[in-house]
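Chemist: What follows is a predicted structure for the sequence shown.
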Amino acid sequence: MKIQQFKDKGLSQYSYAILNDGIPGQHARQPEIILIDPSRSITPYLDFALQNNAIIAAVIETHPHADFISGHLELSNTTGAPIYCSRLLGATYPHHPFDEGDIIPLGNIQLKAMNTPGHSPDSISILLQQGQKDIAVFTGDTLFIGDCGRPDLRENAGNITARREELAGQMYHSLRDKLMPLSDEVIVYPAHGAGTLCGRSLSDASYSTIGEEKRSNWSLQEMSQEAFIKALTADQPFVPGYFPYDVELNKKGAENLNTALSKVTRGKPITLNPLLYIIDTRSANDFKKGHLPGSINIQKDGKFETWLGSIISPGENFYITTSDEAELKNILPRAATIGYEVFIDHAFFTAGAEETTIPANVRETTEKLNLGSFRNHLSDYTIIDIRSAEEVKNHPLFNNALNIPLPELRQRTREVPLDKPIVVHCAGGYRSAIGSSLLQNSIGRQTKVFDLGETIKDFLSPIR
């Protein structure tokens, strides 16, 4: 038996293949694989099966994911493997109900369903047993390494909706009544790691044990239900706008990835609709040297998927551009991991900064900030801090800054004063590239907009 963990770095998402290569002492049979929470692209799982001369026997969904599109339906259509999920999910694709006590045999091991609501009303965890022994538990978004799943994503989405306080109460009991009673040696395999927005303070570790989590995970410590609910519902990160859309799409299953991508119109557009944003995925340096009007700089090297789905609303068409054709081929599947390929009006590439193909008469640039003037005359600038309120509280920087978190900036641009040049900053430069380009679109003709960028690192000690 082998457990293979797959990671989507952009979304900090883990999926799993459980390989059973037969029962000792019995006639040889082709090895079988069961997949848990597969990503949109099914190629890694098909490759893994091929490498092990195995067949994919089943696919299990622990819940309808909010932060990514699952490949469960394509895998089933491609391999014939049945899909298992909780009946509470309300799935409209062909599936087998998989709830408390239900078992899927796999050679000399078995997978047992445990209903563990809390992150969502329809969440399940999956216990891997060999003989009479519990070996591992796949906890989905219920138990993470160092944290547990957030309870506020299903108030307005899914087959069953519930208030965050109600789900937090269910999480309290799922952790204590279902997972904590497992033996300390049981390995914990979560669906996400550090960097996901499905939890708050996850560890960088990709797996743990029940015993270690009992010792170190705040959510498994002794406390009253009331105290747990208060702690779990406080200071959760923002909810990207695409999350409810992904829940609904995962309930019915997404179109095959290659089919969906083949429908994206590509090549140099004849005209551009000025009402649609252009998502420019080039580096901030290249972007500032020359870009098309109406562009937002969401760089490919970072949390591209999260910010694309946070800045562009589901159902809102947009353009996407990269530095070259190879990058275009790479970025389109990433947009598809959140189901946004259907909103791409046109995809094209723009040559690098110095040799840009953008005509000079339409090209926009971003002026470089005079750092000396900024340092010595902070009051001469309107400083926009686009970090979260929690980040600002924990690490204040500029006393005269206006805090508008990046997920809210597009809706709150009218709050930005126009009487001074504007300087946008975050904590490292990635978000400020997005925020400054967004403001340049909105108010850049009324006052200058600067991006402090990575230079913010020189200001990380509080400024008075």
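Modeler: Done, it's in.

Chemist: thinking residue 454 is in contact with residue 431, fair?
Modeler: No: between residue 454 and residue 431 there is no contact under C-beta atoms under 8 Å: 11.5 Å. Any C-beta I mention is one placed from the backbone N, CA and C, and that applies to glycine too.

Chemist: Which of the two has more residues huddled nearby?
Modeler: Neighbour totals were compared for residue 454 and residue 431, and residue 431 leads with 23 against 14 (other C-beta atoms under 10 Å).

Chemist: show me where the stretch 201-350 of the chain has strands.
Modeler: 208-209, 278-280, 295-297, 318-322, 344-349 (DSSP state E, counting those that start in this stretch).

Chemist: Determine which of the ones you listed approaches residue 373 most closely.
Modeler: strand 295-297 (23.6 Å; C-beta to C-beta).

Chemist: Can you tell me the strand partners of that closest one and which way each runs?
Modeler: strand 278-280 (parallel) (DSSP bridges).

Chemist: starting at the chain centroid, how far to the partner strand?
Modeler: For strand 278-280, the distance from its own C-alpha centre to the chain's C-alpha centre is 19 Å (C-alpha atoms, centre = their mean, to the nearest Å).

Chemist: what residues does it touch?
Modeler: Contacts to strand 278-280, defined as C-beta atoms under 8 Å, 6 or more residues apart in numbering, come from residues 272, 287, 291-292, 294-298, 308, 312, 318-321, 350, 437.

Chemist: How many residues are close by residue 11?
Modeler: For residue 11, the neighbour count with other C-beta under 10 Å is 25.

Chemist: Going forward, count from 26.
Modeler: Yep, numbering from 26; the last one is residue 36 now.

Chemist: Can you verify my assumption that it contacts residue 332?
Modeler: No: counting by C-beta under 8 Å, residue 36 stays clear of residue 332, with 11.8 Å between them.

Chemist: Which parts of the chain belong to which domain?
Modeler: For the chain, automatic domain parsing gives the domain ranges 27-270, 280-374, 396-484.

Chemist: Out of these, which gets nearest to residue 389?
Modeler: Proximity to residue 389 (C-beta to C-beta) singles out domain 280-374 among the domains of the chain, at 5.4 Å.

Chemist: now the closest one: mean pLDDT?
Modeler: For domain 280-374, the mean per-residue pLDDT is 94.

Chemist: what about the helices in the protein?
Modeler: Using DSSP state H, the helices of the chain run over 68-76, 97-104, 189-198, 235-241, 250-258, 268-277, 282-287, 309-314, 329-336, 350-361, 396-401, 414-419, 431-434, 455-468.

Chemist: in the last one, what counts as buried?
Modeler: I take that to be helix 455-468. By neighbour count on 16 or more other C-beta atoms under 10 Å, the buried set for helix 455-468 is 455-466, 468.

Chemist: can you list contacts of the helix or strand of the chain with the lowest mean pLDDT?
Modeler: Of all helical and strand segments in the chain, the minimum by mean pLDDT, DSSP states H and E falls on helix 414-419, at a mean of 91. For helix 414-419, the surrounding residues in contact (C-beta under 8 Å, 6+ apart) are 260, 410, 426, 428, 430, 452.

Chemist: and residue 260, how many residues sit next to it?
Modeler: Using other C-beta under 10 Å, residue 260 has 12 neighbouring residues.

Chemist: and of the strands of the stretch 226-375 of the chain, who's closest to residue 484?
Modeler: strand 320-322 (21.1 Å).

Chemist: And the closest one, how far out from the chain middle?
Modeler: Remark: strand 320-322 is offset 20 Å from the chain centroid, using C-alpha atoms, centre = their mean.

Chemist: and what of stretch 273-290?
Modeler: Centre to centre, stretch against its chain (C-alpha atoms, centre = their mean), the figure for stretch 273-290 is 17 Å.

Chemist: Kindly report the same for stretch 215-230.
Modeler: 10 Å.

Chemist: contacts for that stretch?
Modeler: Taking contacts as C-beta under 8 Å, 6+ apart, the residues outside stretch 215-230 that touch it are 32, 36-40, 62, 87, 90-92, 144, 163-166, 168-175, 178, 231-232, 243, 260-265, 328, 331.

Chemist: CA-only coordinates of the least confident helix or strand of the chain, as PDB, when you get a sec.
Modeler: This file holds the C-alpha atoms of helix 414-419, laid out as PDB (Å, rounded to 0.1, in the frame of the first residue of the first chain):
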ATOM      1  CA  ALA A 414      -6.900  45.100   8.900                       C
ATOM      2  CA  GLU A 415      -5.400  42.300  11.000                       C
ATOM      3  CA  GLU A 416      -2.000  42.900   9.400                       C
ATOM      4  CA  VAL A 417      -2.200  46.600  10.000                       C
ATOM      5  CA  LYS A 418      -3.200  46.000  13.700                       C
ATOM      6  CA  ASN A 419      -0.300  43.600  14.300                       C
END
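
Chemist: For that helix, which residues meet the burial criterion?
Modeler: For helix 414-419, the neighbour count (16+ other C-beta under 10 Å) marks 416, 417 as buried.

Chemist: swap in stretch 222-232?
Modeler: In stretch 222-232, the ones that count as buried by 16+ other C-beta under 10 Å are 222, 223, 224, 225, 227, 228, 232.

Chemist: And for stretch 205-222?
Modeler: Neighbour counts over stretch 205-222 (16+ other C-beta under 10 Å) mark 207, 211, 212, 213, 214, 215, 216, 217, 218, 219, 221, 222 as buried.

Chemist: so of the residues you listed, which ones are in strands?
Modeler: Under the assignment DSSP state E, the buried residues of stretch 205-222 contribute 212, 213, 214, 215 to strands.

Chemist: Including pLDDT and distance to residue 419, could the residues you listed go into a markdown table?
Modeler: Below are these laid out as a markdown table (pLDDT from 0 to 100; distance: C-beta to C-beta, whole Å):
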| residue | pLDDT | distance to residue 419 |
| --- | --- | --- |
| 212 | 98 | 33 |
| 213 | 98 | 28 |
| 214 | 98 | 31 |
| 215 | 97 | 25 |
